[in-house]
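*Asks:* Pasting a predicted model and its sequence here:
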Amino acid sequence: MNFFQKFIGELIQADYIVDIACNDSVSKVSDLYQELGCRVYSIPISRSPLSKQNHTAIKQIKKIVEENQYDIVHCHTPVAAMCTRIASRKVRKRGTKVFYTAHGFHFYKGAPIKNWLMYYPVEMICSYWTDMLITINNEDYALAKKRMKAKRIEYIPGVGIDLEKFKKTNVDKRAKRQEFGVTKNAKLFLSVGELNKNKNHETVIRAIADLKDVYYIIAGQGPLQEHLESVIKECNVAERVKLLGFRRDVGMLCEISDVFIFPSFREGLSVSVMEAMASGLPVVASKIRGNTDLIDENGGILFSPYSIDECREAIQKAMVSDLKKMGNHNIEKVCEFSIESVNRQMMEFMMES
């Protein structure tokens, strides 16, 4: 929900009335949006599509949308969108429009069969009850146009990034790099993301084990911390790989790094990659949906997230590339993904409805 704070503020300034329904115990958004003047409804939605909890959620959403007679109901995330579209079938007959922004279908090229069996039928059926389906990457857009039954299917380049936030600041780059033990002529690679299986940090750790003058810092926390610590120890790279935990200074970390590396198995359209691009970093990334929208040969290098060898080769290629030229290209390219551009398109969709 934090992605949409600025857009919701713009809607309110344009005399829209905006209410929020979410699992508040997870998102912690009540205070933020109540300050903007929104009513916030706490709904017990579970991330598991098979949870009995979602039956209660559907009933509560149905009551809210029928009592408040909204012009537009806009839903996000697969399970919440399923519950909302089921709950909104009746009000659609009265003229309410239902929007759904898919932040990355769980079924995609190379996805596990279980994802296709569980999520694809739900999304396809619910698309019949969708007035506008919004996708944020080209692969999902092509799939939606081919297979989904929504009245209208559109593409928007992500959720928007605040480019001003990542303008250059005065940082003593040499001193900060020394804090992480980075030697003078070494290259510093940065990842930002939760320490989980999908983010695939282990592949990078193993890839750099045999490389000289490569340091790797990871900003994030998560369930795989102990496992990654054991991998670092196993690969004997404790002096060159640092788990930094949760950080609020990602902009500074980007500024002192040479390359952003992003080895995920699955993404919709990564905000972390866009932030790195806005900071002027070249990007070494997994060749997956979303990343291929953001990174081309002028701004970085793509590799298979399933191959340690390919990851190592991509890192080696980056080390002998013109990193400044790549970074400047990314600064220009990321402008099309700015929050101003995304919000402008979204506002046009709202007004057209």
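*Replies:* Sure thing, it's come through.
*Asks:* which stretches of the stretch 101-250 of the chain have low pLDDT?
*Replies:* 168 (pLDDT under 70).
*Asks:* can you give me the strands in it?
*Replies:* Remark: strands assigned in the stretch 101-250 of the chain by DSSP state E, counting those that start in this stretch are 132-135, 152-155, 187-192, 214-219, 241-245.
*Asks:* so what strands line up beside the first one?
*Replies:* Paired with strand 132-135 in the same sheet, following DSSP bridges, are strand 97-102 (parallel), strand 152-155 (parallel).
*Asks:* Which one of those strands lies nearest to Arg47?
*Replies:* With C-beta to C-beta, the closest approach to Arg47 among the strands paired with strand 132-135 belongs to strand 97-102: 15.5 Å. Yep, even glycine has a C-beta here, placed from its N, CA and C like the rest.
*Asks:* of the strands paired with strand 132-135, which approaches Ile301 most closely?
*Replies:* Once those are compared by C-beta to C-beta, strand 152-155 is nearest, at 25.4 Å.
*Asks:* Give me the distance between the spatially most central residue of the chain and Ile72.
*Replies:* In the chain, the centroid-proximal residue (C-alpha atoms, centre = their mean) is Ser270; its distance is 3.9 Å. Using C-beta to C-beta, to the nearest Å, Ser270 is found at 27 Å from Ile72.
*Asks:* residue contacts, Ala111?
*Replies:* Counting by C-beta atoms under 8 Å, 6 or more residues apart in numbering, Ala111 touches Arg266.
*Asks:* Next: the one 10 residues further on.
*Replies:* Neighbouring residues of Pro121 by C-beta under 8 Å, 6+ apart: there are none.
*Asks:* same thing with the one 10 residues further on?
*Replies:* With contact set as C-beta under 8 Å, 6+ apart, Asp131 has these partners: Arg92, Lys97, Val98, Phe99, Ala150, Lys151, Arg152, Ser353.
*Asks:* ok, so of the residues you listed, who is nearest Leu228?
*Replies:* Of the contacts of Asp131, the one sitting nearest to Leu228 (C-beta to C-beta) turns out to be Phe99, at 38.5 Å.
*Asks:* so the residue lying closest to that closest one once chain neighbours are set aside is in which element?
*Replies:* Closest residue to Phe99 apart from its sequence neighbours, by C-beta to C-beta, 6 or more residues apart in numbering: His74 at 4.2 Å. Using DSSP states H and E, His74 sits in strand 72-76.
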